[in-house]
Structures are given as structure tokens and as C-alpha cells.
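I'll drop the sequence and a predicted model, then ask my questions.
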Amino acid sequence: MKYLLIIGDGMADNPVPELGGHTPLEVADKPVIDDLARRGVLGSVVNCPKEFEPGSATAIMSIFGASPLKYYHGRGPLEAAAQGVSLRDGDMACRCNMVALEDGDMPYESRRILSHSAGSIDGETSDKLVTELWASPEFAALAREFDIEINPGSSFRHFAVMHGADIGGIRLIPPHDHLGEVIGPLAPSGCAVAEKLEKLQEAAFRFLDHHPLNEARRAAGKLPANGIWFWAEGTAAMLPDFAEKYGHTGEVVSAVPLVRGIARLSGLPAPWVEGVTGEIDTNWDGKCQKTIEILSRCDFAALHIEAPDECTHNGDTPGKLQSIEWLDSRETGPIVEWLRGRGEDFRILILSDHKTLTSNRAHDGDPVPFLLYDSREQNCSGLSYTEANGLKTGTYLPDGSVLLDMLFER
Ligand SMILES: [Zn+2]
């Protein structure tokens, strides 16, 4: 028996007026996934406990069987693990996004956050900007004083580690949930560490705003990467060992540090695929080939596709539809064909980790649909893979951390 998990990040949504009152999952052409849903079990699952901000950190932990209520101590340490950074006692890890802040004559705190990803900035420019920032005189002096280091992340996603940081009471906000809002009320707050992070964000703007690379981006009609934004703080993390818990081993294919970090902390390798970006321009075929290669060696593979989520944050509805269709035709289709060709039985779990809403470009913790297909085809839902159909079947899981037990028939 082979076991496959496919996560389409943020592909579930609410009905969208511009799509005739339908959701992207209802509108997108996805014949392979719909066929698996019809010939499999369909249901709804809650992956984001309402005690936390909804998002992939808690959702992906749930899916990998680590209940966030028990194991979640912040997102930063999960991502640090992806880079092989282990945290010591007293260390705080957090994300350091490259963001686009509004241009104009207004003071720093009156600017709006235009993009949480600096307009999906390319990794090379992003790494160059953050490396030069950390080496620039004013910023470097502050960073030394505050004992904070940067780990460039080869996209808009860098992350930082601050040593000797007491983060009790801290409030950092995820920039993708506050697009179009002014910075002032969103600034880090709640403790002395937050004040340091705010000073760093302001100093970063002074260095980055008129950096030649940003002037070149503006001239090319792109958003500038003229700010950094700290969020997703946390302290050292431990997750249950996957092989010990499930009695299966496998590997995880994802471009996103968070997912790669959760995999590593669970003892699952996350091999890198050349050309992946976590956006719609990712190496779709490379990820498909890697997943097949893993399944040929191991009994379990997980494939995570970030594009639907990022397209939604960017307000790109056609991109969201396209990424769902490519998840179907360029990933699920060829992998299922390969599995059928082998003759051995297989089970596939496909789901969206959380909803990302076209209406406000932010995450939502409502139940999401899942489908569980078994090549022995004993239970046939007769329904396509949509939010409404997931709810209709009455199979409802209030806690996503049981999903892999279902996949592995435990
Ligand atoms: Zn997201």
C-alpha cells in the first residue's frame, strides 16, 4: 500500500460574487481530483483551533498529526528548523518578511502595507536587500545592540533569531492579514523586545526606501521592497516523531520553510526541488517528479502547493483558479496515473489546509473539505471536491490531527 497526502494551501474559499457566487474550487476545472472525490470519501475538517490565528502554521501541524493545542509555541521556530537552525534556551525566532510600504510624503507610521511579499519579490533581489541591510551602518549597530541575526530565506520569507529575548506579552501581527492598513496600530507592541523590533523596522525603511534596487523596481512598475516586517515569533519547538507515531516513513515536498520545518521536526526529510518558489511560477513538473520518486522508495509522500494561498493574498483570482487546475493536471493527474500503473493499492488524502478568502485576502479558520480515496473503491461519495459537498456528507472532523490516522487506516 502507498499513501499520498496532497495539500493545496488556502485553495478553499467562500462564494465569490465575481465568480457568480461560486467558490474557486467550484469553478476550477479539476477532473482528476473530482473523480477521486466521487469514488472516495468526502468530508469537512477543522485544522485551525479557534484558540489561534487561523493559518498554515497550526493547520499544517494538525494535518501532520501534531495537535497545535499541545505542540504550538509559535511559527518562527518551525521555520528555523527548515534552515537547520536549532534554538537555544532564551532564543526567539520570528519571520522577517520583505514588504512593500506605501510611497509618498507621509511619516513612516502613516504608510499602508501594500504587499506582505513585496509584490512576490524574487529570491535573489530579496536576499541581496536583506543582506545589505544587515551590513548597513545604522542597522548593523542596532542589530548588534539587540543581539538579533538574520537568515536569508531565498524569497520574501527571511527569518531572524534574537538571543536572550523575553517575549512574554508580545504582539506581532501577520502582514498578509492587514493588507491596505496603516502601520501605526499594527506595530510590534507589548514588551521591550517588541520596541526593539519596531526600531529595526523603522531603520530598515530608512535604508531600503531609496535603495537602487528598489528605485529599479519602481521604474519597472514593480512594488518596492522598502520595509521589513517581523511576525510569527516563538521559542524552541518539539514535535512527535512521525515514524514512531504512524509506523510509516516518507518525505515531504514543499517550497515553504514552515512546511519543511514541520516535516524536519517530525523526522521527515524535505528534499529541495530546483526552481520551486511557493508561488504560481513554481516548478510544478519538478515537484510532481520528486513526489513520484519518493513514492517509488517510501510508502508515504506529502506534496504541498502554496500557490493558491499566495494568489489569494495577492488578489489574483485568475491565478488562484489556474493553480487549482495545475494542482489537478500537473500534480495529481500524473501521480495517480503512475500509482495505477504499478498495480499496488494506494490511498490518497487531498485537502486545503485552511480557507484563504478572496473577499479580504486573509486566512479563515472555518472547516475545509477533504477527500480520502482508496484504490479498492469501497465507499463512493458521488460528489465533486467542493466546500459545500464536504459539509453535505456529514463526515465532520472537529480536529484535523486525526487525518493521517484515517489515511493510514489506524
Ligand atoms: Zn497564507
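Everything's here; your move. Note that this is a predicted model, so its numbers are computed, not measured.

which residue lies nearest the spatial centre of the protein?
Centrality entry for the chain: nearest residue to the mean C-alpha point is residue 56, 5.1 Å, by CA atoms, centre = their mean.

so that one makes contact with residue 258?
Yes. Counting by CB atoms under 8 Å, residue 56 touches residue 258, with 5.8 Å between them. The way it works is simple: take the backbone N, C-alpha and C, and place the C-beta from them, glycine included.

one step back: roughly how far does the residue nearest to the centre of the chain sit from residue 353?
For residue 56, the distance to residue 353 (CB to CB, to the nearest Å) stands at 5 Å.

any idea how many residues pack against residue 240?
Residue 240: 17 surrounding residues under other CB atoms under 10 Å.

next, the residue nearest to it when sequence neighbours are not counted: secondary structure please.
Of all residues not flanking residue 240 in the chain, residue 66 sits nearest, at 5.7 Å (CB to CB, 6 or more residues apart in numbering). Using DSSP: H, G, I helix; E, B strand; the rest coil, the secondary structure recorded for residue 66 is coil.

how about the contacts made by residue 66?
The neighbours of residue 66, taking CB atoms under 8 Å, 6 or more residues apart in numbering as the test, are 239-240, 262, 266, 401.

out of those residues, flag the one nearest to residue 196.
Closest to residue 196 out of the contacts of residue 66 is residue 262 (27.9 Å), distances taken as CB to CB.

pretty sure the closest one contacts residue 59?
No. Look at residue 262 against residue 59 with CB under 8 Å: they stay out of range, at 10.3 Å.

sorry, back to before: and for residue 56 and residue 353, which residues touch both?
Common neighbours of residue 56 and residue 353 (CB under 8 Å, 6+ apart) are 9-10.

and the end-to-end length of stretch 14-22?
Terminal residues of stretch 14-22 are spaced 8 Å apart (CA to CA, to the nearest Å).

mind checking how far that stretch is from the chain centre?
The chain centre lies 24 Å from the centre of stretch 14-22; the measure is CA atoms, centre = their mean, to the nearest Å.

list the contacts of that stretch.
23-24, 26-27, 317, 355, 357-359, 364, 366, 387.

just the buried ones out of those, please.
By neighbour count, with 16 or more other CB atoms under 10 Å, these hold 23-24, 26-27, 317, 355, 357-358, 364, 366, 387 as buried.

if you look at these, which of them are in helices?
When helices are assigned by DSSP state H, the members of the buried ones among the contacts of stretch 14-22 inside them are 24, 26-27, 317, 387.

surely residue 218 is within a strand?
No. Applying three-state DSSP, one finds residue 218 to be helix, outside a strand.

name the nearest residue to it, ignoring sequence neighbours.
Going by CB to CB, 6+ apart, residue 218 has residue 224 as its nearest residue, at 5.7 Å.

in terms of helices and strands, where is the one you found?
Using DSSP states H and E, residue 224 falls within no helix or strand.

which of the contacts of stretch 14-22 lies closest to residue 91?
Nearest to residue 91 out of these is residue 364 (CB to CB; 31.5 Å).

would you confirm that that closest one contacts residue 352?
No. If you go by CB under 8 Å, residue 364 and residue 352 don't touch, sitting 10.6 Å apart.

that'll do, ta.
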